[in-house]
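Asks: Sharing a sequence plus its predicted fold:
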Amino acid sequence: MDWQGWALFGLLATTALTAVMIAFQMAGWTRLDLPLVLGSLVTPDPDKARIAGFFIHLAAGQVFALGYAAVFALLGRATWWIGALLGLLHVAVALTVILPLLPGIHPRMASTRAGPASRAALEPPGLLGLNYGIQTPAVAVAAHLVYGSLLGLLLTAG
Amino acid sequence: MDAMHSPALADYGLLGDTRTAALVSADGGIDWLCAPTFDGDPVFGALLGGPDAGTFRAGPARASKQIVRRYRPHTATLETVWATDGGTLTLTEAMVAEVSGRLLPTTLLIRRLEADGAPAEAAVELNPRFGERHLRPRVRQDRHVVCEWGALAMSLGVSGGVRVLPGTTTTITVEPGRPVVMVLALAYTEPLVWVDPETAWDLVEADEARWREWASGISEDVPFREAVLRSLLTLKLLTYSPSGAPVAAPTTSLPEDPGGIRNWDYRYAWPRDASIGIAAFLGLGKDGEAVNFLNWLLHASRLQRPRLPALLTLTGGHVPRERTLEGWPGYAGSAPVRVGNGAAHQHQLDGYGWVLDAAWNLVRQGRRLNSETWRAMRSFTDLVARRWPEPDAGIWEIRADAAHHVHSKIMGWLALDRALRVARSHRISTRRRRRWESAREAIAADIRTQGFDAAKNTYTRSYGSGDLDSALLILPVTGFEAPDSDRLRGTVDAVGSELSAGYPFLYRYPPGQDGLPGNEGAFLPCSFWLAQALALTGRAAEATEMFEALLAHASPLGLFSEEIEPASGALLGNYPQALTHAALVQAALALREAAKEKLPGSPAKSFLPRGHSKAS
């Protein structure tokens, strides 16, 4: 395992992924705001949530980077295209499993099981994150391809 | 709504959340709402674009007599009551403003229909369209109906499980004791936040409590306090909270001449208006708002300093190029409908004067300008000292050739005078001070020799012109002439009589003198400036009567646009208009000052209509 690479390049790749997501969000391609969605797990204040969410996202990115490093070690090679393939797998899991499951654990996201005591809640992202804009899956794929490619390029298999 | 038979502007109420604003017609139709901010594209644009541009109506299912329409006291919540068979139907609505620290939509509009006495049939029509081409949304249904246009999304949730489908009219039977609450939320480049309609009304009540608390801070001794308070509340609603920018009006292209082409986009911020707003808020103890205005100005002007643009976007950017919206019929058939504003590129000397006066007002209240603010003010003053001899476009932004406007020169003098006053307590080099003093004296001499008509005993509109200008009515607040100066009183008298559009209205300059075809109405800020001038020159009784007469021409909800048609009293131009409301507040403050100081009276002529008795 390339532990030093993981520690440094995991952060770098997650930052790049976040930058791509925010750039597309600002350009109006998607309304998916990962720092807000993640940060509102811990605070109802949207401004604070974006800060907390950024760090939660960095931590999550580091955990996923561990998986990438492990796969590279198992395969005995690390290339940008293997990283990109892993990125595709990663985004498929994110869009079809993680995002749709979020309302089940997110205290401030609307759920079909919510009762009349509910006040305000984030709209759930839905399958493939389509509720946050029809181009959201494409943006997520692009961001994860960048993430995976960078890790493949920067990590070693050792 | 047929564009050629548009409702009167006075029939519209304003809802706002200090990010954007909605105009609601007397039949409960939101015919204007831009997203995500004041200067964004309309999602409900029927006011200017006809039925294809979208509306959101909630009201009685059949034509019904309106009984009451009012703002709930000291709040921004609008209430409309209609008579129905055996009872009443009440629409109460508000946009929830400035809730920080809570997970809520950035724009949240809540409307409640309530029956009293008997069940009432209500109709709800949601027909949102986006932008210039009236784009229909991509619609999906979840717990709320969601309409999407890419980065922008809108959701509508209705209590009691009522479904409202976009593009259709839904009829609801509202039972007494069981109100129907509608929650409209907007999101731009971020996820929608849904608010449960069953509990949403709590948010409106909290919003009302915030407004009432804010209003309770307005001093009790201001005359016509309710009208002043409504004006201040309107000015607050027309402030873009994220930057503190004051928007001139929430609309574009409401005509100054119905059927004509005098249709301009006012959804931007004019430093001049910001400065007048500072004076209005400061005069009533709202220092925070005044400081916010100045902070916005500092931020907004940073990139173009020392030039002070005539207008800026809400975030301090360049105002978009002026263009017309294709196929938009306009209000009452008044095309073109414009977005952007070409006046942004004009040189207007008066703007510097207003800004320096605002800074001086803050210093006079005991505040110290920080080094960044004082640096900005010095750079503005240097520019005035250098460029005052040049012609400019003037306060009225006439698009013909520039001229030596007397009002602009006076405001240039004011800029130098106020900067020198501030410099008494702030650091400045002796050389710079002398340069400013020299320029101030030179402007004063220039104005008195070239801008004064000795035969008529009045200052004129521009050098060498015999015309008058209502903007000269601000003379009493400048200190350029003493309050008992014969020249000052002569000017007030001359403007009040020669530019009268019929008591209590004034034209801003002789009608038809701006190079554009068609007519325009009387200019309301000038009418309030006349009331202010009368009060400050010792004619308090006349000023009070004039002020009252003007208030009588407000919309039923106490709102003013920029102009008024003197004969019919119809409001004209963008609506509601911040400058008019700021002028109203300043006139009330002048009345208070006159009452306190018992300013000496004058034998000058009266502007009261013939046969009208003067107040004692």
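Replies: Yep, it's here.
Asks: Please report how far A:L66 lies from A:A78.
Replies: Separation of A:L66 from A:A78 (Cβ to Cβ, to the nearest Å): 14 Å. (C-beta placed from N, C-alpha, C; glycine too.)
Asks: Give me the more crowded residue out of those two.
Replies: Between A:L66 and A:A78, counting by other Cβ atoms under 10 Å in any protein chain shown, A:A78 is the more crowded of the two (22 against 14).
Asks: which residues touch whichever residue of chain B sits closest to chain A?
Replies: Residue of chain B nearest chain A, by Cβ to the nearest Cβ: B:A151 (3.1 Å). Counting by Cβ atoms under 8 Å, 6 or more residues apart in numbering or on different chains, B:A151 makes contact with A:27-29, A:31, A:133, B:188-189.
Asks: Against which helices or strands is the least confident helix or strand in chain A by mean pLDDT packed?
Replies: Least confident helix or strand of chain A, by mean pLDDT, DSSP states H and E, is strand A:120-122 with a mean of 84. In terms of contacts (3 or more Cβ pairs under 8 Å, 6 or more residues apart in numbering or on different chains; DSSP states H and E), strand A:120-122 is packed against strand B:193-195.
Asks: per-residue pLDDT, the residue of chain B closest to chain A?
Replies: We have a pLDDT of 93 for B:A151.
Asks: Tell me the residues of the stretch 1-150 of chain B that contact chain A?
Replies: B:100-105, B:138, B:140, B:142-144, B:146, B:148, B:150 (Cβ under 8 Å from any Cβ of the partner chain).
Asks: Please indicate which of those has the highest neighbour count?
Replies: B:P105 (25 neighbours).
Asks: helix or strand for the residue nearest to it when sequence neighbours are not counted, which one?
Replies: Excluding its sequence neighbours, the residue lying closest to B:P105 (Cβ to Cβ, 6 or more residues apart in numbering or on different chains) is B:A185, at 3.7 Å. Assigned by DSSP states H and E, B:A185 falls within strand B:180-188.
Asks: which bits of chain A sit near chain B?
Replies: So chain A meets chain B at A:25-29, A:31-33, A:36-37, A:40, A:44-49, A:108, A:110, A:112, A:114, A:116-123, A:125, A:131-135 (Cβ under 8 Å from any Cβ).
Asks: Show me which of the residues you listed are buried.
Replies: Neighbour-count burial (16 or more other Cβ atoms under 10 Å in any protein chain shown) applied to these gives A:25, A:29, A:31-33, A:36-37, A:40, A:44-46, A:49, A:108, A:110, A:118-123, A:125, A:131-133, A:135.
Asks: so where do the strands sit in the stretch 251-400 of chain B?
Replies: For the stretch 251-400 of chain B, strands defined by DSSP state E, counting those that start in this stretch occupy the ranges B:323-324, B:338-339.
Asks: in chain A, what spans have low per-residue confidence?
Replies: Counting by pLDDT under 70, chain A contains low-confidence residues at A:111-118, A:158.
Asks: Could you identify the longest helix within it?
Replies: helix A:46-75 (DSSP state H).
Asks: List the neighbours of the helix or strand following that one that are in contact with it.
Replies: Next in sequence after helix A:46-75, counting helices and strands by DSSP H and E, comes helix A:80-93. Residues outside helix A:80-93 that contact it (Cβ under 8 Å, 6+ apart): A:64, A:67-68, A:71-72, A:75, A:140-141, A:143-153, A:155.
Asks: elements contacting the helix or strand encompassing B:L203?
Replies: Here B:L203 sits within helix B:201-216, counting by DSSP H and E. Using 3+ Cβ pairs under 8 Å, 6+ apart, the elements in contact with helix B:201-216 are strand B:87-95, strand B:107-116, helix B:225-237.
Asks: Okay, angle between the last one and strand B:87-95 too, please.
Replies: Angle, helix B:225-237 to strand B:87-95, by axes from the mean of the first three to the mean of the last three Cα atoms, to 10 degrees: 50 degrees.
Asks: list the buried ones in helix B:225-237?
Replies: For helix B:225-237, using 16+ other Cβ under 10 Å, the buried residues are B:227-237.
Asks: Could you do stretch B:407-422 as well?
Replies: B:407-422.
Asks: Among the residues you listed, which one sits closest to B:A344?
Replies: Nearest to B:A344 among these is B:S408, at 17.2 Å by Cβ to Cβ.
Asks: List the residues that contact whatever residue of chain A ends up closest to chain B.
Replies: Closest approach between chain A and chain B, counting by Cβ to the nearest Cβ: A:G28, at 3.1 Å. By Cβ under 8 Å, 6+ apart, the residues touching A:G28 are B:150-152, B:189.
Asks: ok now stretch B:432-441, how far from the chain's centre?
Replies: Relative to its chain's centre, stretch B:432-441 lies at 35 Å (Cα atoms, centre = their mean, to the nearest Å).
Asks: likewise stretch B:422-433?
Replies: 35 Å.
Asks: hmm, who's touching it?
Replies: Contacts for stretch B:422-433 (Cβ under 8 Å, 6+ apart): B:356, B:359-360, B:363, B:368-369, B:374, B:377-378, B:382, B:420, B:436.
Asks: Dump the helix-or-strand element of chain B with minimal mean pLDDT to CSV, restricted to CA.
Replies: Ranked by mean pLDDT, DSSP H and E, the helix or strand of chain B with the weakest confidence is helix B:287-301, at a mean of 83. Taking Å, rounded to 0.1, in the frame of the first residue of the first chain, the C-alpha atoms of helix B:287-301 are listed here in CSV:
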residue,chain,number,x,y,z
ASP,B,287,-27.9,53.3,11.9
GLY,B,288,-27.4,49.7,11.0
GLU,B,289,-29.2,50.0,7.7
ALA,B,290,-27.3,53.2,6.9
VAL,B,291,-23.9,51.5,7.6
ASN,B,292,-25.0,48.6,5.4
PHE,B,293,-25.8,50.9,2.5
LEU,B,294,-22.3,52.5,2.8
ASN,B,295,-20.6,49.2,3.1
TRP,B,296,-22.3,48.1,-0.1
LEU,B,297,-21.3,51.3,-1.8
LEU,B,298,-17.6,50.8,-0.8
HIS,B,299,-17.6,47.2,-2.0
ALA,B,300,-19.6,48.0,-5.2
SER,B,301,-17.4,50.9,-6.3
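Asks: coming back round to it: taking the residues of the stretch 1-150 of chain B next to chain A together, which two end up most distant?
Replies: B:G101 and B:R138 (32.1 Å).
Asks: circling back: show me which of the contacts of stretch B:422-433 is closest to B:A494.
Replies: B:L356 (27.3 Å).
Asks: Counting neighbours, what do you get for that closest one?
Replies: Neighbour number of B:L356 under other Cβ under 10 Å is 26.
Asks: ok, it - contacts?
Replies: Counting by Cβ under 8 Å, 6+ apart, B:L356 touches B:377, B:380-381, B:414-416, B:418-419, B:422.
Asks: how about CSV for these, with pLDDT and distance to B:Y463 added?
Replies: Formatted as CSV, the contacts of B:L356 follow (pLDDT from 0 to 100; distance: Cβ to Cβ, whole Å):
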residue, pLDDT, distance to B:Y463
B:M377, 94, 28
B:F380, 96, 23
B:T381, 97, 23
B:L414, 96, 18
B:A415, 97, 19
B:L416, 97, 19
B:R418, 96, 23
B:A419, 97, 24
B:V422, 97, 29
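Asks: I appreciate the help and will end here.
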